[in-house]
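Novice: After the sequence you'll find the predicted model.
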Amino acid sequence: MRRASRRSVAIWGWVMFEVVTTDTLVQAAQAMSDRSRFMGGGTLIMRQVNYGDQRFNRIVRCSEDLREIRVDGSRIVIGSGVTMANILASRELEFLAPAARAVGGPAVRNMATVGGNLMAHHPYGDVAVALLALDGQVTMADGATRPLADYLATRQGLVRSVSIVRPDRDALRFRKVSRVKPKGVSVMSMAAHLPRAMGRLSNVAIAYGAMADTAIRVPAVERALEGASLDKAGIAPALAAATDGLSPPDDALASSWYRREVAPVHLSRLLLGEAA
Amino acid sequence: MAKTPVTFTLNGADAATFADPGQNLLDCLRRGVGDLSPKYGCGQGTCGTCTVLIDGQPHLSCLVLAETVQDRSVETAGGMANGPDLHALQTAFMEGFAAQCGYCTSGMLMAAKALLDQNPSPTRGEVIDAISGNLCRCTGYEPIVDAILSASRAPRATERSA
Amino acid sequence: MPVEFRKDLFADERDDNLAEIGKPHIRQDILGHVTGRTPFYDDHLFDGLLHMRCLRSPHHHARIRSVDASAAEIAPGVVRVIRPSDVPVNMNTLLSLLNFGRDDEPLLSPDKVAYKGEPVLAVLATSERAARDAVAQVRVDWEVLPHVLDVEEALRPEAPVVNETYPGNAFDYHEKYDHQKLRFGDVTAALVQADHVVEGEYQMSPIEQAPMETCGAIAAPETNDRFVCYTSTQALFFSLGTAAKQTGLASSRLHFIGGTVGGGFGGKVDSHHEPLAILGALLSGRPVKYQWDRAEEMQVGAPRGGERWRLKDGVMNDGRIIARELTGFFDAGAYTRLSSYAVQKSTGHLPGPYTIPNVASNVYCVYTNRTPSTAMRGFGITGVDFAIECHMDKVAEAVGMDPIELRILNAYRDGDMKAHRRVAKNCALIESCQVAAQKSGWSLSSDALAASSMRDGGIGWRGQIPETMIDEDGRIGDRKRIWATPEPTAASGPHRAVAAGTANEHPATGAAPQRDDMIIEAERLGFKVSEDAPGSEAQSVPEPRSAATPHEPARRHVNGGPSLPPAARPTTHSAPAVPVAARPAQPAPTSIADDAKPSDPPPTVAPADQPIEPGSRPPRRPGASRFISGSRGRR
């Protein structure tokens, strides 16, 4: 029988550095503090540990299996411990494969989790963009639920799972724009959930990555697409509104100006299903 | 300093060491166990030189908390050869000039082995995807892809790129 | 892709019956690579290894008011804090080993920092994490200074002084000019005669070498009173010499082991890790590793420098380029490293592979508050070639000519006189153009197809050094007083003509050794002894001695001035009309030029003796065995 938590402690600098491993996510949530970080796959936290990040001195992990993938009516629940490789291996999550494949190389995909992707800062976090376009709802460690967009705004608390809409066949489109292929960091990523009723778009959801501090929904584009047809004329108003109200970040990959300039081009290709 | 004992299988043999809290697997393998074949290139999961297989799957050892390999199986480039007999990938890398400075080679071999273990007849595109997390700066991707294909059972194995 | 040897074009270029050359071989080191057993510098384990981390400047330019490392000193795991005052010879410039340039860069900066990431102190601790945590505890009181990040802004009189050793923000050439001059013919007159004048500006950003293995070194005390140093260096003897100088240890007490480099591309010549690691081992008595992480490699690791070039060509209607003026700015970053040499390399490369009768250039090695730049694959050449070849296309457009034919028309041919007074040989640009056109289905005129590098070269003016107009503009310090446009033809001072002449082969010279224990046996290495060299006459120039050069602070460990091998003496001019092709880079007295008769060659006409690019093969020296350089440095 395991102890409730296993600790390893060391003195580093002025502070104790420790790794706490709990049995359950609830225990892990209770073990968190200002100077703690929860570690899932390790691709974000170990990087900070390796570089001596002084903002935390404690890693909290948990042994609970958070890798469930469960169909729940019209929705599907994805555990926060599900890796990109798990998504690629799952028949139920086939629609998410393009987004999962856009993350890192095979080794990173074996490690990086859905939960970590929600925590990844610009310009990372491509899968969160797709989850956002599928009406993502997060369930926290204590069972409380909240919209994914709200969670991304604060990133407070440990996520147990994300529930998303199961899109109709081909209704989800995802595109990552990067300078290096097949593995490159996002200039931007875009996801579009394009349900149709009577041949017209209805309840459209559009999300962008690397166009703000976190993955975001783009209501102006969604409104412009409502009831529209997916052709050049139909999407023109949406393209005109492609960057309304956005001030994308500047970084080494692309300037804010560049991101604004090319966003309508990539949105057009995404919506019309054209090659990148 | 409180250390955590870690026991695991390294290239088929038992290995044991003590890990510092927060110590990554790369450092643990190199300094704790003495397997110097995985290399440090970035410490942030960007370059792939530290790629090892954990339970047969490629992982970046610089991003793996050392204590999490307890009871698991770890493979490194240092364990690919069987005594004097080289793995087919090693031979292919030698004959195809798929290494120049050699620093990325250990990680490349591990990424390639993970691919061929699961997919003995990959396409060129699958090979490229398999090593997409591994950087080479001596600009050797083409010979590396060729070498992996030639070590595979893919029908186009002997075909050279243009 | 297989190499294609075009025996149809160059029948005599290579003997096909060689036993090894031209035959495929498996690399001798590749078994180690594929088995993960090649020992890179970090693949050596030591008990009790200490880890070194540096505190680095967060500012582009700042004065250091005070440093408080008291908390770091007592932090857990910390063994020692190393301050600038702990470095025996803190100031250095890499090419001081060749007596080229003045010491301008501290290993650890005591007073001010001139680029983001400049190291200020180092911490030795029992683990890397402990060293990082301790560095985070150091408090520095910075006085942030105005900074300059653009080469031309840095040359303005009001620009902040980046590097106090060169207060004009430009390297001093020949102790006389703030730039490297090249003068060949009369560009001003030719530009007047030209049918078209085509101008262009081109620039290239810095490029990081980004080797897979980050730079580093491990030093440890040996039992024989020496220190072993495993290093990633590409330039083992530069690193050895630099470490000996900065630690104050005789080089005979340093046991350097290198030879396995996990990618370098020029970025591993700067020799900062070795002296610091050895110093750490000296001060702690323990093995010390100093390794950059990837962030440091990218931020602090010296890149290929940025360059800006302006070209002005005088072109005739038929496409002949009769004049080319170039103004170049090399961004050295905050310290010299190898940029001074890059400028000379580029000058020796001008005006590109073309025979142009009138050429003038001013090239500046400029200090800015950016990361110091250094070697990278053809540095000094690639940037200006990029500019020249872009410009050739622009010229072709201006005269309405096929761009490949324009190149063939103007290309060097065997026997042509180059702007730096060497005769072109083994030319192949014409043939390369013809083959490239053929392979890409580009049609060329019959004249262009009939051209050959081996015909029509060196005839008449093509083989001669023309009468050359020179000027004395751009003396060191001028720019601080008056802002002058730095183009060669804008020279405002008196011009005078230097008579035409012909080529001469000069014996190569070597540089003075910096320390007694570095004196080499010139004969054994095949240096031509210049005293007896044909064509050289009695010396009237004082013998340069490294200890006597004017800008040599703090060589305190040098015991007496080293004697100079004969080969290091400057050669004198064998004939009045022959320009100086090879002179020691630094120590020649300025009086040569000042006292020169009008017919004397100006010392600034030709680029000075070019030091050997570290890590590369030295050029073949007269009298040297051609196998000396080939027998070593295999890796």
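Specialist: On my side now, so go ahead. Numbering: from 1, shown residues only, chains lettered A, B, ... in the order given.
Novice: for the helix or strand hosting A:Ala107, packing partners?
Specialist: Using DSSP states H and E, A:Ala107 sits in helix A:106-111. For helix A:106-111, the packing partners by 3 or more C-beta pairs under 8 Å, 6 or more residues apart in numbering or on different chains; DSSP states H and E come out as helix A:84-89, strand B:57-60, helix B:105-118. Glycine gets a C-beta too; all of them are placed from N, C-alpha and C.
Novice: mind checking pLDDT for A:Pro248?
Specialist: Note on A:Pro248: pLDDT of 96.
Novice: How about it: what's its closest non-neighbour residue?
Specialist: Nearest residue to A:Pro248 in three dimensions, chain neighbours excluded: A:Arg259, at 3.8 Å (C-beta to C-beta, 6 or more residues apart in numbering or on different chains).
Novice: Who are the contact partners of the one you found?
Specialist: By C-beta atoms under 8 Å, 6 or more residues apart in numbering or on different chains, the contact set of A:Arg259 is A:187-188, A:210-211, A:243, A:248-249.
Novice: Any idea how far the strand or helix carrying it is from the middle of the chain?
Specialist: According to DSSP H and E, A:Arg259 maps onto helix A:256-272. Computed by C-alpha atoms, centre = their mean, to the nearest Å, the chain-centroid distance of helix A:256-272 equals 20 Å.
Novice: Buried residues, that helix. List them.
Specialist: Buried positions in helix A:256-272, judged by neighbour count with 16 or more other C-beta atoms under 10 Å in any protein chain shown: A:259-260, A:262-264, A:266-271.
Novice: swap in stretch A:166-186?
Specialist: Under 16+ other C-beta under 10 Å, the buried positions of stretch A:166-186 are A:166-167, A:171-178, A:183, A:185-186.
Novice: how long is that stretch from one end to the other?
Specialist: 25 Å (C-alpha to C-alpha, to the nearest Å).
Novice: right, is that stretch up against chain C?
Specialist: No: Stretch A:166-186 is not in contact with chain C by C-beta under 8 Å from any C-beta of the partner chain; minimum separation 13.1 Å.
Novice: can you give me the offset of that stretch from its chain's centre?
Specialist: On the basis of C-alpha atoms, centre = their mean, stretch A:166-186 sits 12 Å off its chain's mean C-alpha point.
Novice: where's whichever residue of the stretch 351-500 of chain C sits closest to chain A, which helix or strand?
Specialist: Closest residue of the stretch 351-500 of chain C to chain A, C-beta to the nearest C-beta: C:Thr371 (14.6 Å). Taking DSSP H and E as the criterion, no element holds C:Thr371; it sits outside all helices and strands.
Novice: and what of C:Ile470?
Specialist: C:Ile470 belongs to strand C:468-471 when assigned by DSSP H and E.
Novice: before we move on, what about A:Leu239?
Specialist: Using DSSP H and E, A:Leu239 sits in helix A:232-240.
Novice: Not counting that helix itself, show me its contacts.
Specialist: Contact with helix A:232-240 is made by A:221, A:224-225, A:228, A:264, A:267-268, A:271-272, as judged by C-beta under 8 Å, 6+ apart.
Novice: and what of stretch A:170-186?
Specialist: Residues from elsewhere that reach stretch A:170-186 (C-beta under 8 Å, 6+ apart): A:95-96, A:98-99, A:102, A:104-105, A:123-124, A:126, A:129-130, A:133-134, A:187-196, A:209-210, A:253, A:262, A:266, A:269-271, A:273, A:276, B:128-129, B:132-133.
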